[in-house]
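K.L.:
prediction below, plus the sequence it came from.
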Amino acid sequence: MASLPRHLLVVDDEPHIGVLFRMQFERRGYRVTVARTLAEARRVLAAGSPDLLLLDIHLPDGLGLDLLAEVRKRPATAQLPVLILTAEGDEHILRETDRLGATVLTKPFSPSKLTARMLQLLGESPTAADENPA
């Protein structure tokens with residue numbers, strides 16, 4: 001019996017971020033869901049737990065940090081790996097993400113850096129293609 005593909009939830013209002021994730025991870029066999037608002041992300045999370053959450057800080061309907069705090073309070077998602085995507089170098093945001101157990105990746109970032117960080121959080125090893133992109 002085949003196992004279900006691992007599920008990544010990307011919460012970012014910038015369309016190119018979703019495209020980047022689809023390109024990088026669907027080819028690896030992951031299922032990628034993109035939510036552009038906190039409300040959409042909450043609906044996805046209510047339907048089941050993803051294997052990894054990628055979360056922007058500033059969204060049209062609130063702060064990603066609020067969703068991160070909610071995720072940490074739910075037993076089903078308390079240990080969910082979370083990668084925060086931010087253009088901010090704000091010390092408060094960095095302290096809060098650290099306190100809530102999330103990893104931060106500062107925008108702009110390269111696809112290879114994104115892939116490496118994601119694979120690290122998922123406990124997977126990079127392939128030769130990841131280490132030597134064309």
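P.N.:
Here it is on my side, so go on. Numbering: from 1, shown residues only.
K.L.:
now the element after the helix or strand containing Ala46, going C-ward?
P.N.:
Ala46 is part of helix 38-47 when elements are defined by DSSP states H and E. The helix or strand immediately downstream of helix 38-47 is strand 52-56, counting by DSSP H and E.
K.L.:
given that next one, what are its sheet partners and their directions?
P.N.:
strand 7-11 (parallel), strand 82-86 (parallel) (DSSP bridges).
K.L.:
tell me the pLDDT at the closest residue to Pro81 other than its chain neighbours?
P.N.:
In space, and not counting its chain neighbours, Pro81 is closest to Leu121: 4.1 Å by CB to CB, 6 or more residues apart in numbering. For the C-beta atoms, the positions are set from N, CA and C on the backbone; glycine is no exception. Here, the pLDDT recorded for Leu121 equals 93.
K.L.:
so Leu121: helix, strand or coil?
P.N.:
helix (DSSP: H, G, I helix; E, B strand; the rest coil).
K.L.:
residues contacting it?
P.N.:
Leu52, Pro81, Leu83, Thr103 (CB atoms under 8 Å, 6 or more residues apart in numbering).
K.L.:
show me the shaky parts of this protein.
P.N.:
Residues of the chain meeting the criterion pLDDT under 70: 1-3, 88, 127-134.
K.L.:
any idea which residue sits dead centre in it?
P.N.:
Residue closest to the mean C-alpha point of the chain, counted by CA atoms, centre = their mean, is Leu54 at 1.2 Å.
K.L.:
pull the contacting residues for that residue.
P.N.:
Leu8, Leu9, Val10, Val11, Asp12, Ile17, Phe21, Val82, Leu83, Leu85, Met118.
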